[in-house]
Structures are given as structure tokens and as C-alpha cells.
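Novice: Whatever this is, show me its structure:
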Amino acid sequence: MDQLKQIIPELEQTVTEFTQTLSLFSREQFNKVPFKDSWTAGQVGRHIQKALEGMPDLLQHGKVKPTEGSPEEKTEMIDADFLNFNIKMKSPDFIKPEDTSFGKDELVQSLNGIAKKTAEAAKDKDLSLTSLAFELPVYGHLTLYEMLHFGKVHTQRHIRQLQKIYQKVSGKELIDK
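Specialist: Here you go, the predicted structure:
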């Protein structure tokens, strides 16, 4: 079971990397459209904020049931989909960012707070349980572990997107780790 808890610091580290990347953008670059039909860095930040902000509450108060099978069963499929940078995905409406300007410092602060609250909510939970409180499009009900793993991988995908946006709006290349 302790092996499942490893996802908590991994998610926190990924959100830290995401906010560090967001912090590279100047105020002018943050809300600048880099490509046709692309989100701004601010919109990418808002998208991740919307995707992660409900996690602490789901972990604390969401209805769960014992899991049949492996609590990590869907992680390979999530990885295969979200870490395939050759496919363009369409965001579900409920986490689509608004078409407006965003404040960089407020978003960074909010995302760091969400990561901290999520870690706190997850630390005493049995992550092998299946959440009944939320059904992820395509994947269905996830275990609490899979939900945190999804948060990590989804954020990793958008770190890469931010790197490309930064290169376009700043003219500086970021080293992709």
C-alpha cells in the first residue's frame, strides 16, 4: 500500500515544475496567443487549475468503494494517451479555460495551494479505493491512486505545451527533460 502513496510527492513535484514553467513568462507573454487556435500560458494554467481544484474535496468527502482488481489498472492507458505528444486532445467543457486574461502570480499561488491541499487530503486515505464521486470521460471511475496519477500525467502533458508556448512568445528554447 505504501507504494501507492509515492504518487503524492510525484504529483506535488509535477505541479511545482508546472508553476516554475509558468513563472518564466513575463506579464506580457503570459496572456499572449502563441499560435493560431492555441491557448495562452495563462489559459493553460487555468485549465490545470480547473482540472486539479476539486481533488482535495473528492479525496476528503467523495463516496468510494472497494476496488475489484488492481488499483493501478488504468494508469498504463492514461500514460499512453496523455504522454503521446503526437496527438492533439480536446478539453472537456468543464475544465476549458475562459477566453480572458489571467494573473500569473494568482494562478501560481492557487496551483501551489491546490497541490498542498491535495497532498494533505491524500496522505491518510486508502488510495486503492475506487471513487464514485466523479467519472472521468473515456476512463470512467478511477481509483484514488489513478485519479492522482491522472493529475500528474495531465499536468506533465501541459508542461510540455507551456515549453512550446514559451519558446514561441519569448524566442528562447527550453530544454525538454
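Novice: report the longest strand in this protein, please.
Specialist: Longest strand in the chain by number of residues (criterion: DSSP state E): strand 130-136.
Novice: For that one, name the packing helices and strands.
Specialist: With contacts defined as 3 or more Cβ pairs under 8 Å, 6 or more residues apart in numbering; DSSP states H and E, strand 130-136 has these neighbours: helix 55-61, strand 64-65, strand 140-143, helix 144-170. (C-beta placed from N, C-alpha, C; glycine too.)
Novice: Out of those, the one nearest A121 is which?
Specialist: helix 55-61 (3.9 Å; Cβ to Cβ).
Novice: What are the buried residues along the closest one?
Specialist: Within helix 55-61, the residues that count as buried by 16 or more other Cβ atoms under 10 Å are 55-56, 58-59.
Novice: of all those residues, which two lie farthest apart?
Specialist: Every pair of those checked by Cβ to Cβ; the farthest is P56 and L58, at 7.4 Å.
Novice: Give the buried residues for the least confident helix or strand in the chain by mean pLDDT.
Specialist: None of the helices or strands of the chain scores lower by mean pLDDT, DSSP states H and E than helix 2-5, at a mean of 84. Neighbour counts using 16+ other Cβ under 10 Å place L4 of helix 2-5 among the buried residues.
Novice: which helices and strands does it pack with?
Specialist: Partner elements for helix 2-5 (3+ Cβ pairs under 8 Å, 6+ apart): none found.
Novice: I'd like the average pLDDT over the next helix or strand after it.
Specialist: Downstream of helix 2-5, the first helix or strand assigned by DSSP states H and E is helix 7-23. Mean per-residue pLDDT for helix 7-23: 97.
Novice: ok now whichever helix or strand comes after helix 7-23, how far from the chain's centre?
Specialist: As assigned by DSSP H and E, the chain's next helix or strand after helix 7-23 is helix 27-30. In terms of Cα atoms, centre = their mean, to the nearest Å, the centre of helix 27-30 is found 22 Å from the chain centre.
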